[in-house]
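Visitor: turn this into a model:
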Amino acid sequence: MTHFAAFIMVPAMPGKSPDPIRQQIGARVDQELVTEVRVLALRQRRRFNEVIEEALKDVLKKYRDKAK
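Guide: As a prediction, the model looks like this:
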């Protein structure tokens, strides 16, 4: 497994204010997975947490649909 650190400076996204109903969570996640998600977010010009929220919504929908 190869480890590397990449720091990329990107400007803040204009016009987006944080939703006041947010909760900070802590989770231990595979470092390579986090790196892939960060790169995906940068390529799509989205925030990291937006991509994580999308993934969480997708997994909840997946299991809700299976329960039906």
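Visitor: and residue 55, how far from residue 34?
Guide: From residue 55 across to residue 34, the span is 12 Å (Cβ to Cβ, to the nearest Å). Heads up, the C-betas are built off the backbone N, CA and C, glycines and all.
Visitor: what do you get for residue 54?
Guide: Distance of residue 54 to residue 34, given as Cβ to Cβ: 15 Å.
Visitor: then residue 47?
Guide: Computed as Cβ to Cβ, the residue 47 to residue 34 distance reads 14 Å.
Visitor: which one's more surrounded, these two?
Guide: More crowded of residue 47 and residue 34, by other Cβ atoms under 10 Å: residue 47, with 16 against 13.
Visitor: now the helices for this protein?
Guide: Secondary structure of the chain (DSSP state H): helices at 31-43, 48-67.
Visitor: using a markdown table, lay out those helices together with mean pLDDT.
Guide: Compiled in a markdown table, the helices of the chain are given as follows (pLDDT from 0 to 100):
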| stretch | mean pLDDT |
| --- | --- |
| helix 31-43 | 97 |
| helix 48-67 | 94 |
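Visitor: nice, that's everything, thank you.
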